[in-house]
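Peer 1: below is the sequence, then the predicted model.
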Amino acid sequence: MIGFGTRVSRPRIAARWRAIRRAAKRVDARVAVLLLACLPGACAYLEHVAIQSEYERLQHADPRQIILKHMVERDTFFVVGQTNDTGTVYTGVPLAVAAYSSKFKPHELVDTMVPVVAGTHFGLNLPAGDFDLLVFADLNADRVFDSAEVVGQARLSLNRTTVSDKILDRIGVELSSPRRIAWADPIAAPAQAGPRPSLFYPTGSIRSLDDPLFDSNMATLGMYDPASFLERAPTMFYALEEDLPYKIPVVFVHGAGGSARDFEPIVSRLDRNRYKPWFFYYPSGGDLDQLAELFHRIFLSGTVIDLVEMPMVIVAHSMGGLIVREALNKVGGRAKETRVGLLVTIASPFGGHPSAALGEKHGMLVLPAWRDLNPDSRFIGRLFRKPLPDSVRYHLLYAYDNPSAVKLSKNSDGVVPLSSQLRPEAQREAARQLGLESGHADVLANESMIAHLFGNMGRVENFFPESHLRVLRLGGYDVPLSEGYSPIMRYIVANLGRYWMAISKGVLEPIHPEQERFVRAVRGEEPPSRDVVREWIRFLGEHPGIDDDPRPGVRSDQAQRDAFVCGVDCAAPRQ
């Protein structure tokens, strides 16, 4: 997965509202009134006009890379990498990844990700320039990453020539013995309680929808100051629970100024035995081309999330539909790419938005997203340059209840014109279209929309056959394990143990080459190919009678076979 660093404090903004008034005076009064009338969140807009003005002043007075990163009209680059701990030396040790620049001052710390788990992905948001990338390990557990705890190092060069799409990925940093880097100042771990750790996702990715990260103030920050948003939000990928591989992922993509919380009316009714909700939570004022590239690399490329043959469902609202549609242009039929079984877009402005053109022409602060949402932009013009991949069944949902006090007709949903939602190219791609008498935000709670979505999600076939799913949903074993088992193996025993046992004993037939290799290793016909397989063989040796154990939650072979016949309802309670 991909992650972005903890907060680096923005320069303090003195006399903010005086600056807002000064900025407003520099714009023709008629245009300012028009902006205030047409743009949602006008106060937030003017506040961030002042903040950007202050960034510009500070950069002239005392230039720094960290200030450039926060200036929305400057290029920023995403760096996506992974720490490679081949010797598993740093398992369970908190890591920090930090990027330093000497462009304006020696070894300026520009972005940090804390904490990082060895073997998982990290991400940084950086301006153009050359950087030293350091990985620290908190070896003495004092919650400080100091100059003697450097365990990895790399060099980065970021510019439009070397990184044309402003995303540099596949950066692998090999972890080695600790060494001292004299100029690296100590980095303190966050004082507050750390976010929930994960075995499979970056730390901080597992959240509930009422988490403050998804508050409206954070969503607004993502519109007007993407760099500050990314400093506070540790990742663009979010989940509600630890991963279980037999559930179909449903990826929710919000619109401009939105967050994962927008989808609560849908998620609260989602069948969590069949589906796992994931969220692409991004700074919505950013460059849509860049965000689409990130979405592709995280969810579709197969290099960050490898679903093997499990299909994915994508539900995108408003501007999120444009990001996903552009990301699908980047799918190239490569072997590991994700198969999207169903795409549903809801009230998406496929033809752009006239207000974006107005904001680009007259705005005091012009956001990259506005440029892309201009109906005459290159982004909108090229959005349908490639057909959707063959696997995608696409449903176009549009909204037409304009809640405005004064309206001539229902020719929009109060935000996006129907002409933009119903762009002809989008209609031609859609296997189904559905109009909903709702406003732009209210449509996500529309009963007809939710029923339509769930009904069609049910037509996406799981990779696992039903006989396997019945066992997978039974969970695992509630048994004490001796020392030396890895956290992943403990998770497998507790959550997938019954399924692994059924495959091991031939109760279920393997359905994938990896499972066939697993069975041969369990039988001693070939050496184990992975550490978890070695640990499972050890588990079988230490618990030879587990299927006959009378304790609750531990099942015999015959009980397992009975469960396959009658289904989950007659199985023992899940642990």
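Peer 2: Arrived safely.

Peer 1: wait, a helix at Glu264?
Peer 2: Yes. With DSSP: H, G, I helix; E, B strand; the rest coil as the criterion, Glu264 is assigned to a helix.

Peer 1: give me the mean pLDDT for stretch 373-390.
Peer 2: The average pLDDT for stretch 373-390 rounds to 96.

Peer 1: which positions within that stretch qualify as buried?
Peer 2: Of the residues in stretch 373-390, those scored as buried under the neighbour-count criterion (16 or more other Cβ atoms under 10 Å) are 373-375, 377, 379-380, 383-384, 388-389. Heads up, the C-betas are built off the backbone N, CA and C, glycines and all.

Peer 1: now those in a markdown table, with secondary structure?
Peer 2: Written out in a markdown table, the entries for the buried residues of stretch 373-390 read as follows (three-state DSSP):
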| residue | secondary structure |
| --- | --- |
| Leu373 | helix |
| Asn374 | coil |
| Pro375 | coil |
| Ser377 | coil |
| Phe379 | helix |
| Ile380 | helix |
| Leu383 | coil |
| Phe384 | coil |
| Leu388 | coil |
| Pro389 | coil |
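
Peer 1: select, from those residues, the two members most distant in space.
Peer 2: Taking Cβ to Cβ as the measure, the buried residues of stretch 373-390 span a maximum distance of 27.4 Å, between Asn374 and Pro389.

Peer 1: pretty sure Leu388 contacts Ala430?
Peer 2: No. Leu388 is beyond contact range of Ala430, at 9.7 Å (criterion: Cβ atoms under 8 Å).

Peer 1: what touches both of these two?
Peer 2: Common neighbours of Leu388 and Ala430 (criterion: Cβ atoms under 8 Å, 6 or more residues apart in numbering): Tyr394.

Peer 1: below-threshold pLDDT in the stretch 201-350 of the chain: ranges please.
Peer 2: Judged by pLDDT under 70, the stretch 201-350 of the chain has its weakly predicted residues at 234.

Peer 1: so what touches the helix or strand harbouring Leu291?
Peer 2: Here Leu291 sits within helix 288-295, counting by DSSP states H and E. For helix 288-295, the surrounding residues in contact (Cβ under 8 Å, 6+ apart) are 2, 78, 165-167, 236, 253, 280, 282, 319, 322-324, 326-327, 329-330, 368-369, 372-373, 379.

Peer 1: can I get the buried residues of stretch 373-390 in a markdown table with distance to Lys247?
Peer 2: Rendered in a markdown table, the data for those read as follows (distance: Cβ to Cβ, whole Å):
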| residue | distance to Lys247 |
| --- | --- |
| Leu373 | 34 |
| Asn374 | 39 |
| Pro375 | 39 |
| Ser377 | 38 |
| Phe379 | 34 |
| Ile380 | 35 |
| Leu383 | 31 |
| Phe384 | 32 |
| Leu388 | 24 |
| Pro389 | 22 |
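
Peer 1: which residues of the stretch 201-350 of the chain fall in strands?
Peer 2: 237-239, 248-253, 275-280, 312-317, 340-346 (DSSP state E, counting those that start in this stretch).

Peer 1: what pairs with the most centrally placed residue in the chain across the strands?
Peer 2: Geometric centre of the chain, nearest residue: Phe237, 1.7 Å, by Cα atoms, centre = their mean. Under the criterion DSSP bridges, Phe237 forms beta bridges with Phe280.

Peer 1: quick check: it touching Pro202?
Peer 2: Yes. Phe237 lies in contact with Pro202 (Cβ under 8 Å); the separation is 7.2 Å.

Peer 1: burial of Pro544, as a residue count?
Peer 2: 8 (other Cβ atoms under 10 Å).

Peer 1: I'd assumed it was in a helix, is it?
Peer 2: No. The assignment for Pro544 (three-state DSSP) gives coil, which keeps it out of a helix.

Peer 1: need the pLDDT of it.
Peer 2: 88.

Peer 1: next one: Arg16
Peer 2: With respect to pLDDT, Arg16 has a value of 42.

Peer 1: hmm, Glu264 and Phe252 touching each other?
Peer 2: No. At 10.0 Å, Phe252 and Glu264 do not qualify as touching, with contact defined as Cβ under 8 Å.

Peer 1: could you look up the SS state of the nearest residue to Leu373 once chain neighbours are set aside?
Peer 2: Nearest-residue entry for Leu373: Ala356, 3.6 Å, with adjacent residues in sequence omitted and distances by Cβ to Cβ, 6 or more residues apart in numbering. What three-state DSSP gives for Ala356 is helix.

Peer 1: what is the neighbour count of Ala356?
Peer 2: Other residues within reach of Ala356, judged by other Cβ under 10 Å, total 25.

Peer 1: now do the contacts for it.
Peer 2: For Ala356, the residues meeting the contact criterion (Cβ under 8 Å, 6+ apart) are 369-375.

Peer 1: okay, now Glu447: neighbour count?
Peer 2: In terms of burial, Glu447 registers 10 neighbours under the definition other Cβ under 10 Å.

Peer 1: kindly report the same for the one 10 residues further on.
Peer 2: Taking other Cβ under 10 Å as the criterion, the count of residues near Met457 is 19.

Peer 1: so it versus Met312, what's the distance?
Peer 2: Using Cβ to Cβ, to the nearest Å, one gets 11 Å for the distance from Met457 to Met312.

Peer 1: one more: Gly81?
Peer 2: Separation of Gly81 from Met312 (Cβ to Cβ): 24 Å.

Peer 1: how about TSV for the strands of the stretch 201-350 of the chain, with distance to Ile450 added?
Peer 2: Converted to TSV, these look like this (distance: least, Cβ to Cβ, whole Å):
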stretch	distance to Ile450
strand 237-239	21
strand 248-253	13
strand 275-280	13
strand 312-317	10
strand 340-346	11
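
Peer 1: quick one, which of the ones you listed is nearest to Pro94?
Peer 2: Relative to Pro94, the nearest member of the strands of the stretch 201-350 of the chain by Cβ to Cβ is strand 237-239, separated by 19.7 Å.

Peer 1: for that closest one, packing partners?
Peer 2: strand 275-280 (3 or more Cβ pairs under 8 Å, 6 or more residues apart in numbering; DSSP states H and E).

Peer 1: show me the shaky parts of the stretch 401-550 of the chain.
Peer 2: Short version for the stretch 401-550 of the chain, where the test is pLDDT under 70: 403-410, 547-550.

Peer 1: right, and the strands of the stretch 201-350 of the chain - which one's nearest Leu469?
Peer 2: Each of those has some distance to Leu469 by Cβ to Cβ; the shortest is strand 248-253, at 10.6 Å.

Peer 1: between that closest one and strand 312-317, how many degrees?
Peer 2: Between the direction of strand 248-253 and that of strand 312-317, the angle (axes from the mean of the first three to the mean of the last three Cα atoms, to 10 degrees) works out to 20 degrees.

Peer 1: strand partners of strand 248-253, parallel vs antiparallel please.
Peer 2: Strand 248-253 has these strand partners (DSSP bridges): strand 275-280 (parallel), strand 312-317 (parallel).

Peer 1: of all those, which gets the most neighbours per residue?
Peer 2: With neighbours defined by mean count of other Cβ atoms under 10 Å, none of these is more surrounded on average than strand 312-317, at a mean of 25.

Peer 1: hmm, who's touching it?
Peer 2: By Cβ under 8 Å, 6+ apart, the surrounding residues in contact with strand 312-317 are 248-255, 258, 262-263, 266, 275, 299, 323-324, 338-348, 443-444, 453, 457, 460.

Peer 1: let's see that strand as CSV, backbone CA atoms only.
Peer 2: Output in CSV follows, covering the C-alpha atoms of strand 312-317 (Å, rounded to 0.1, in the frame of the first residue of the first chain):
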residue,chain,number,x,y,z
MET,A,312,-13.0,-5.5,-7.7
VAL,A,313,-16.0,-3.2,-7.5
ILE,A,314,-15.6,0.6,-7.8
VAL,A,315,-18.1,3.1,-6.7
ALA,A,316,-17.2,6.7,-7.6
HIS,A,317,-19.1,9.9,-6.7
